[in-house]
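>>> For reference, the sequence and a predicted model appear below.
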Amino acid sequence: MSQYPVHFKFPGRLVMVGFGSIGQGVLPLILRHIALPPERITIVTAEDLGQQEAAEYGVKFIINPLTQENYRQVLEPLVGKGDFLLNLSVDVSSIALVKLAHEKGALYLDTCIEPWPGGYTDPNVPPSLRSNYALREQMLEVRDAQKGGPTAVITHGANPGLVSHFVKQALLNIAADTSVDAGNPKTREEWAALAAKLAVKVIHIAERDTQVANTPKKVNEFVNTWSVDGFVSEGCQPAELGWGTHEKELPPQGRRHEFGRQSAIYLMQPGAGTRVRTWTPKAGHFHGFLITHGESISISDYLSHREGDKVVYRPTVHYAYHPCDDAVMSVYEFAGRNWRLQDHKRILNQEILSGGIDELGVLLAGHKKNAYWYGSQLSIDEARKLCPHNTATSLQVCVAALSGMIWAMENPNRGVVEPDELDFRRALEICMPYLGPVVGAYGDWTPLFDRNRLFEENLDKTDPWQFKNVIV
C-alpha cells in the first residue's frame, strides 16, 4: 500500500490505556489512517513495554498502573469532551471506563469487557458471575441507563469484533450460493430471520495459528503471539457458548444462567481446559480450546429469531482456538500447575520465523451446503510488510480496533454499541487491506468425521451438529 487513505480528521485528543502487543501494533495504523498529530496522543500503561516505540512516534508515555482507587485521578485531566478513550488494557474495568468516557463526553473503544483484578478468577464469586455473559449483562445495563450519548464501541478487536462482520458476509454468501433471496438485511430481526431461513445451526469462530519462533518455549515460560495476561485471564474463565435451539441436551458440565437474556450457557470448567472439534480450509479438522469470548454470546443473541416473545431459532456459537504450538504447550504446563501462571512470559514478534499464518474466520454449518468457512489467512511475512510492530495475530486485532474507532468517529452519538450493531461493510472496507487472503470455502467435514476409530463413542448420528458431537 503506497498511499494510505485518511479515513477521518479527528479534532480531539486520544488517550490509550495499555500498550502491550495490541497497543504497539495499532499506534502506527492510527497515525496512518486518522488525521491526529502525535502530540495529541497520550499512552497510560502499567509497564515500560513499548516506551521506545512511543518515543519514536513522538507520543507521550505515562507509566502509572490504573486501579479502582486511582483511575479517575489519572484519567480525568487527560480526557474531555470530544476526545477518545481507547482501552487496550487488562485488569482495568471496562465498565468503569465506559462510564467515565460518557461523563466526560468522550468516545470509547475496547477489545473485550475487562473487570478489575480478580473478576475472572475469584473463587468466592460463583462461576456464572465470573463469565463474559455476566460482564455483558452488566455492560448492557449501563447502556440502557445512559440512554445514548457519546459512542462507546465495546468488544471490537478481531474476535470479538471483526468476526461479527465476517458472519454477516458469510450469511450473504451462503444465501447467494443456495439461491435464497437474502434481501438487504439491516436490522437485528432481519439478520436473525436470514440465519434461520438458511438453517445455520452452529457458528464456530475457528482459528488456527501456525506461527513458529526461532527460540522454542522453555520450561516455566508462557509463550504466545499476543497478550499472555489476556489469554490466561480468559482461559481461566468458565468455558462459554451461545446455546442453539437445535440442541437436545446440556453437556454434563453445562449450566444455565439464572439471569439475563438466556442466549448462552457455561461449563463448570475453564475454557483453557476444554477442547472442541472444528475445521478451517488450510488446517483441515483439529481440536481447539473453547475459550470464552464475547462474540459467542453477542452473536447468538443477535441472531435469535423470535415469534412474539418466544425464541424459535438461535445458533450455537463458540470459539474454537488452536494457538501457536508453543502457546499450546504453555497452556498444558499452566494447567499442570493447577492454573498458576508460569514465572516467565514471552510475547512472540521479531523471533517468529517466515511461513506461519493465523487462519481466523467463522465456520457456519448445518445449512444446505453443510459447512462454510469465511475469514482471513494472514501470514507473518505479509503482516510485517503491511505494518510495523505486528504479527499476523496482532494485525488482525489492530486493524479491527482501528475500524471500530473510525466508525465511532463517524457515528459519535450512538451510545454503547456491540460489533453486531456496526455497519459491517464499512468495517470490512477498512480492514480488508490488512487481512491477507480473505477467502470463503465450503467443506464436507462434520464432527462425526472419522469417529469411533479407536473406541465406540456416544454420538448423535441423526444430527452431526449437536454440541455433544463437537466437544472432545
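It's in.

>>> for the helix or strand hosting Ser296, packing partners?
Using DSSP states H and E, Ser296 maps to helix 294-302. Under the contact definition 3 or more C-beta pairs under 8 Å, 6 or more residues apart in numbering; DSSP states H and E, helix 294-302 sits against helix 132-146, helix 162-177, helix 188-198, strand 202-209, strand 238-242, strand 264-270, strand 316-322. For every residue, glycine as well, the C-beta is placed using N, CA and C.

>>> Mean neighbour count added to the ones you listed, as a markdown table?
Below are the helices and strands packed on helix 294-302 laid out as a markdown table (neighbours: other C-beta atoms under 10 Å):
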| stretch | mean neighbour count |
| --- | --- |
| helix 132-146 | 19 |
| helix 162-177 | 23 |
| helix 188-198 | 19 |
| strand 202-209 | 27 |
| strand 238-242 | 29 |
| strand 264-270 | 21 |
| strand 316-322 | 27 |
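
>>> Need these in a markdown table (columns: mean pLDDT and distance to Leu100).
Formatted as a markdown table, the helices and strands packed on helix 294-302 follow (pLDDT from 0 to 100; distance: least, C-beta to C-beta, whole Å):
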| stretch | mean pLDDT | distance to Leu100 |
| --- | --- | --- |
| helix 132-146 | 98 | 11 |
| helix 162-177 | 98 | 26 |
| helix 188-198 | 98 | 28 |
| strand 202-209 | 98 | 30 |
| strand 238-242 | 98 | 27 |
| strand 264-270 | 98 | 28 |
| strand 316-322 | 98 | 29 |
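
>>> Out of these, which is closest to Thr225?
strand 202-209 (6.0 Å; C-beta to C-beta).

>>> next helix or strand past the helix holding Ser296?
Next in sequence after helix 294-302, counting helices and strands by DSSP H and E, comes strand 305-307.

>>> Just checking: what are the partner strands of that next one?
Applying DSSP bridges to the sheet, strand 305-307 is found paired with strand 310-313 (antiparallel).

>>> what's the average pLDDT for the strand it pairs with?
Average pLDDT, strand 310-313: 97.

>>> how far out from the middle of the chain is that strand?
How far strand 310-313 lies from its chain's middle: 26 Å, per C-alpha atoms, centre = their mean, to the nearest Å.

>>> cool, and stretch 143-154?
20 Å.

>>> Which secondary structure state is assigned to His287?
strand (DSSP: H, G, I helix; E, B strand; the rest coil).

>>> For it, grab the count of nearby residues.
By other C-beta atoms under 10 Å, 13 other residues sit near His287.

>>> likewise Asn184?
Should you count by other C-beta under 10 Å, Asn184 turns out to have 6 residues around it.

>>> Local confidence estimate at it?
Reading off the model, Asn184 has pLDDT 96.

>>> repeat for Asp122
86.

>>> so how many other residues sit close to the residue found closest to it once you drop the neighbours it is linked to in the chain?
Sequence neighbours aside, Arg130 is the residue nearest to Asp122 in space, at 6.9 Å (criterion: C-beta to C-beta, 6 or more residues apart in numbering). Neighbour count of Arg130, defined by other C-beta under 10 Å: 22.

>>> What residue, apart from its backbone neighbours, is nearest Ala55 spatially?
Here the residue nearest Ala55, using C-beta to C-beta, 6+ apart, is Phe61, at 7.0 Å.

>>> Any figure for the gap between the one you found and Met16?
The gap separating Phe61 from Met16 is 10 Å, by C-beta to C-beta, to the nearest Å.

>>> ok, now Thr292?
From Thr292 across to Met16, the span is 25 Å (C-beta to C-beta).

>>> Between the two, point out the one with more neighbours.
Between Thr292 and Met16, counting by other C-beta under 10 Å, Thr292 is the more crowded of the two (31 against 25).

>>> my guess is that one meets Gln269, correct?
No - using C-beta atoms under 8 Å as the test, Thr292 is too far from Gln269 to be in contact (11.1 Å).

>>> Spit out the residues that contact those two alike.
Pro238, Ala239 (C-beta atoms under 8 Å, 6 or more residues apart in numbering).

>>> picking up where we left off before, quickly list what's touching both of Phe61 and Met16.
Thr42, Ile43, Thr45.

>>> Restricted to strands, list those residues.
Counted as lying in strands by DSSP state E, out of the shared contacts of Phe61 and Met16, are Thr42, Ile43, Thr45.

>>> biggest helix in this structure, by residue count?
Criterion DSSP state H: the longest helix present in the chain is helix 392-410.

>>> Show me which positions of that helix end up buried.
Within helix 392-410, the residues that qualify as buried by neighbour count (16 or more other C-beta atoms under 10 Å) are 392-409.

>>> That helix vs strand 202-209, what angle?
120 degrees (axes from the mean of the first three to the mean of the last three C-alpha atoms, to 10 degrees).

>>> With distance to Arg277 as added columns, please give the helices and strands packed on helix 294-302 in JSON lines.
Shown next, in JSON lines, are the helices and strands packed on helix 294-302 (distance: least, C-beta to C-beta, whole Å):
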{"stretch": "helix 132-146", "distance to Arg277": "22"}
{"stretch": "helix 162-177", "distance to Arg277": "19"}
{"stretch": "helix 188-198", "distance to Arg277": "22"}
{"stretch": "strand 202-209", "distance to Arg277": "9"}
{"stretch": "strand 238-242", "distance to Arg277": "13"}
{"stretch": "strand 264-270", "distance to Arg277": "16"}
{"stretch": "strand 316-322", "distance to Arg277": "8"}
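
>>> What ranges does the stretch 351-472 of the chain have for its helices?
Ranges of helices in the stretch 351-472 of the chain, per DSSP state H, counting those that start in this stretch, are 380-386, 392-410, 424-431, 467-470.

>>> Turn those helices into TSV, including mean pLDDT.
Output for the helices of the stretch 351-472 of the chain, formatted as TSV (pLDDT from 0 to 100):
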stretch	mean pLDDT
helix 380-386	98
helix 392-410	98
helix 424-431	98
helix 467-470	98
